[in-house]
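K.L.:
Predicted model, plus sequence, below.
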Amino acid sequence: MCENSLYPDCLNPEDCESKSSNWVKVTERFKDSATKHHERIIQKMNYLIPSGEHAEQRMSANERMVSSEDVKDVIEFGEAISSRRASDGSIKLIVSGYYKFGKAYLPLHVPLIRQWNENGEEVWIVKTVYNPIEEVWVDNFSRKVCFCGKRRFGGSL
């Protein structure tokens with residue numbers, strides 16, 4: 001058990017604290033950019049719900065029971081919490097929100113990546129969806145504090 005209250009049961013608290021600090025710096029640096037990208041996505045409605053095997057599996061009844069409408073609602077009513085430029089120049093954006101599951105509302109993160117279609121138009125692709133874990137995310141699921149990944153949760157993250 002770690003003595004740092006933000007990282008209980010963390011496998012490597014010093015490493016995660018450093019990574020979390022970096023996450024905050026990068027997120028703050030690109031917060032305006034993330035918000036602008038998110039607003040443009042909503043305005044143009046230029047995003048695609050995933051159709052790849054991985055994304056469909058993550059949304060399926062076996063994993064999350066998340067519908068395409070749930071994903072659209074999170075994109076349209078959620079908040080952009082992170083924006084990063086990948087090494088290939090593409091932009092990755094994470095939108096955080098909630099979807100209704102039975103009588104409860106559950107948190108959902110929707111990572112999107114900006115690509116260009118054959119006409120040279122910007123389009124955002126939903127790469128996957130996931131339910132953020134309380135032990136990994138704080139501040140209403142908007143700040144990542146543990147980067148141990150699947151090892152921490154026995155490979156079931």
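P.N.:
Thanks, I have it. Keep in mind it's a predicted model, so treat the numbers as computed, not measured.
K.L.:
Contacts for stretch 23-30 next, please.
P.N.:
Taking contacts as C-beta atoms under 8 Å, 6 or more residues apart in numbering, the residues outside stretch 23-30 that touch it are A34, I81, S82, S83, R84, R143, K144. Backbone N, C-alpha and C define where each C-beta goes, glycine included.
K.L.:
Please, where are all the helices along the protein?
P.N.:
For the chain, the helices defined by DSSP state H cover 13-29, 31-44, 53-59, 68-77.
K.L.:
where does the chain have low pLDDT?
P.N.:
By pLDDT under 70, the low-scoring segments of the chain are 1-9, 46-64, 150-157.
K.L.:
re the thing from before, and the contacts of stretch 23-30, which is closest to G97?
P.N.:
I81 (9.7 Å; C-beta to C-beta).
K.L.:
Surely V74 and P107 touch.
P.N.:
No: V74 is beyond contact range of P107, at 9.2 Å (criterion: C-beta atoms under 8 Å).
K.L.:
Overlap of the contact sets of the two?
P.N.:
Contact criterion C-beta under 8 Å, 6+ apart; residues bridging V74 and P107 by contacting each: S96, G97, Y98.
K.L.:
The closest residue to the last one other than its chain neighbours: neighbour count?
P.N.:
For Y98, ignoring the flanking residues on the chain, the nearest one in space by C-beta to C-beta, 6 or more residues apart in numbering is Y105 at 4.2 Å. A total of 11 residues lie near Y105 under the criterion other C-beta atoms under 10 Å.
K.L.:
Please apply the same query to R143.
P.N.:
R143 - counted by other C-beta under 10 Å - has 16 other residues nearby.
K.L.:
tell me the contacts of it?
P.N.:
R143 is in contact with S20, W23, V24, T27, I81, W137, counting by C-beta under 8 Å, 6+ apart.
K.L.:
Next, the buried residues of stretch 103-120.
P.N.:
Under the neighbour-count criterion of 16 or more other C-beta atoms under 10 Å, stretch 103-120 has P107, L108, H109, V110, P111, L112, I113, R114 buried.
K.L.:
before we move on, what about stretch 70-80?
P.N.:
Neighbour-count burial for stretch 70-80, counted by 16+ other C-beta under 10 Å, picks out D70, V71, K72, D73, V74, I75, G78, A80.
K.L.:
cool, and stretch 94-101?
P.N.:
Within stretch 94-101, the residues scored as buried using 16+ other C-beta under 10 Å are I94, V95, S96, G97, Y98, Y99.
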